[in-house]
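Engineer: Sequence and predicted structure are below.
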Amino acid sequence: MATRNAKTAPAAPAAAKEAAANATPQKKTRELIPILIAVLVLLAGSGGGVWWFVKHSSAEAADGEDKSASDGKKGDDKKQAPVFVTLEPFTVNLQDEDASRYLQVGIVFEVSANETAEAIKQQMPVIRNGILLLLSNKHAQEIATLKGKQALADEIIAATRKPLTNLPEPTRGVQGVYFASFVIQ
């Protein structure tokens, strides 16, 4: 029997080494499985979160557009780009007694909608006449300062709104006046 033990003895360490070698990859694989599952769960959760936020933010944006469309004019003002109407430059004599001075000014209106721009174009002769009368009644000292120019812009808005009676109050569609050029000589 001694010979049998001698023959099996060298085989036993080799078998043990082979079994240990086979056990090590299985053990490493078993350790990696929970880590891989955790990583997949985290990726799926973050992907689901991104999808949920994108879906709900686009749905809220669509709801906001529907609400603003149903609000009527308020929603239109927010979505609509500003509309500008440029007038031909004005050249008028100013009311200065000490010297002969004139004003050359370019005016641009900011209006609430395209309908207002069309109404201004239809009433252009009346609007230009009112602005010419207003400008020709000014003194150079009045309109040379920033405060004077701002007051003049307010007066031009008031003069422009008068003929626009078919538009709703209080703005009658004219929201602002901008000076494209302003020269006093």
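Structural biologist: Cool, got the structure.

Engineer: tell me which element R128 is part of?
Structural biologist: helix 124-136 (DSSP states H and E).

Engineer: If you count contacts, what does that helix end up packed against?
Structural biologist: With contacts taken as 3 or more Cβ pairs under 8 Å, 6 or more residues apart in numbering; DSSP states H and E, helix 124-136 sits against strand 90-93, strand 102-111, helix 146-161. In this view, the C-beta of every residue, glycine as well, is placed from N, C-alpha and C.

Engineer: Apart from its chain neighbours, what residue comes closest to T91?
Structural biologist: Closest residue to T91 apart from its sequence neighbours, by Cβ to Cβ, 6 or more residues apart in numbering: Q104 at 4.7 Å.

Engineer: Assess the claim that the one you found and L135 are in contact.
Structural biologist: No: Q104 is beyond contact range of L135, at 10.0 Å (criterion: Cβ atoms under 8 Å).

Engineer: How is the chain partitioned into domains?
Structural biologist: According to automatic domain parsing, the chain is divided into the following domains: 2-77, 82-184.

Engineer: Point out the most buried one among those domains.
Structural biologist: Comparing these by mean neighbour count (mean count of other Cβ atoms under 10 Å), domain 82-184 comes out on top with a mean of 15.

Engineer: would you put the C-alpha positions of stretch 133-146 in CSV?
Structural biologist: The C-alpha atoms that make up stretch 133-146 are tabulated as CSV, following Å, rounded to 0.1, in the frame of the first residue of the first chain:
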residue,chain,number,x,y,z
LEU,A,133,-44.9,120.8,-35.2
LEU,A,134,-43.6,119.6,-31.9
LEU,A,135,-40.0,119.7,-32.9
SER,A,136,-40.1,123.1,-34.6
ASN,A,137,-41.5,124.6,-31.3
LYS,A,138,-38.4,123.6,-29.3
HIS,A,139,-35.3,125.6,-28.2
ALA,A,140,-31.8,124.1,-28.6
GLN,A,141,-31.2,124.4,-24.8
GLU,A,142,-34.3,122.4,-24.0
ILE,A,143,-33.3,119.3,-26.0
ALA,A,144,-29.5,119.4,-25.7
THR,A,145,-29.5,117.6,-22.3
LEU,A,146,-30.3,114.0,-21.6
